[in-house]
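Peer 1: Show me how the following folds:
(2 chains)
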Amino acid sequence: DQQVKQNSPSLSVQEGRISILNCDYTNSMFDYFLWYKKYPAEGPTFLISISSIKDKNEDGRFTVFLNKSAKHLSLHIVPSQPGDSAVYFCAASEMASGSRLTFGEGTQLTVNP
Amino acid sequence: KAGVTQTPRYLIKTRGQQVTLSCSPISGHRSVSWYQQTPGQGLQFLFEYFSETQRNKGNFPGRFSGRQFSNSRSEMNVSTLELGDSALYLCASSLVGLAGVNEQFFGPGTRLTVL
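Peer 2: Below is the predicted model:
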């Protein structure tokens, strides 16, 4: 039972344009959501997060949107840069259950110069 | 500040053997979580330790176990290895292990290959 799903295994975008990565979840108990970026041979690196009491959180070029009714979140990267090329993981958590994260399968983002 | 370190980085074992992986969290972090990453299953939560106690456990068989020492360093052990245990094992540490309060920092992982 995949509680967090990233339906697009890959996404290719031109440098300077917007990248939009999507994530859906099924567990209504999730109340905290995160995005991680992963380069090969490295561990995931935290990017940005959002709690369920908000619908948007922005940090520089990265913005996460949460639509609780649709159980959907998205990560927007504007403008996209070649260095953003990596695998992006969506993760969800129940804040009351400690640090346990449930991850999506990941989306490989390629930003072309 | 040094990041999360994991040793060894690469490991090759044969079926039936056991293996121990080590994780040193960021100094001051008391929560250590372990994850398994495989191509088919993605990143899956194994367990979390906080102050030497297992606080949370994922859906893995009893062959997977762990422990945490008083200095917060953690080890995970896999006994009777199976081919399907081949994976990247990631360790993550955080201050107190509460999602939404402290972010988790991941180590580079240990790549285990079971032949």
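
Peer 1: Run through the bridge partners of the closest residue to B:R9 other than its chain neighbours.
Peer 2: Once flanking residues are discounted, B:R9 sits nearest to B:T110: 6.2 Å by CB to CB, 6 or more residues apart in numbering or on different chains. Just so you know, the C-beta spots here come from the backbone N, C-alpha and C atoms, and that holds for glycine as well. Beta bridges link B:T110 to B:Y89, judged by DSSP bridges.

Peer 1: quick one: pLDDT of B:T110?
Peer 2: Looking at B:T110, its pLDDT is 97.

Peer 1: Then the one 5 residues further on?
Peer 2: B:L115 is assigned a pLDDT of 96 by the prediction.

Peer 1: Can you report how many residues neighbour it?
Peer 2: Residues contacting B:L115 under the criterion other CB atoms under 10 Å in any protein chain shown number 10.

Peer 1: cool, A:Q6 as well?
Peer 2: 20.

Peer 1: hang on, it packs against A:T102?
Peer 2: No. Using CB atoms under 8 Å, A:Q6 is not in contact with A:T102, being 11.9 Å away.

Peer 1: where exactly do the strands run in the chain?
Peer 2: If you meant another chain, say so; for now it's chain A. A:4-5, A:10-14, A:19-25, A:32-38, A:45-51, A:56-59, A:62-67, A:72-77, A:86-93, A:102-103, A:107-112 (DSSP state E).

Peer 1: Correction: the question concerned chain B.
Peer 2: B:5-7, B:10-13, B:19-24, B:31-38, B:42-50, B:53-57, B:64-68, B:74-78, B:87-94, B:105-106, B:110-114.

Peer 1: can I get those in CSV with mean neighbour count?
Peer 2: Listed next are the strands of chain B as CSV, based on neighbours: other CB atoms under 10 Å in any protein chain shown:
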stretch, mean neighbour count
strand B:5-7, 16
strand B:10-13, 13
strand B:19-24, 19
strand B:31-38, 24
strand B:42-50, 22
strand B:53-57, 14
strand B:64-68, 19
strand B:74-78, 21
strand B:87-94, 24
strand B:105-106, 21
strand B:110-114, 18
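
Peer 1: In JSON lines, list the ones you listed along with distance to A:D59.
Peer 2: Shown next, in JSON lines, are these (distance: least, CB to CB, whole Å):
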{"stretch": "strand B:5-7", "distance to A:D59": "27"}
{"stretch": "strand B:10-13", "distance to A:D59": "34"}
{"stretch": "strand B:19-24", "distance to A:D59": "28"}
{"stretch": "strand B:31-38", "distance to A:D59": "23"}
{"stretch": "strand B:42-50", "distance to A:D59": "22"}
{"stretch": "strand B:53-57", "distance to A:D59": "28"}
{"stretch": "strand B:64-68", "distance to A:D59": "32"}
{"stretch": "strand B:74-78", "distance to A:D59": "30"}
{"stretch": "strand B:87-94", "distance to A:D59": "19"}
{"stretch": "strand B:105-106", "distance to A:D59": "17"}
{"stretch": "strand B:110-114", "distance to A:D59": "30"}
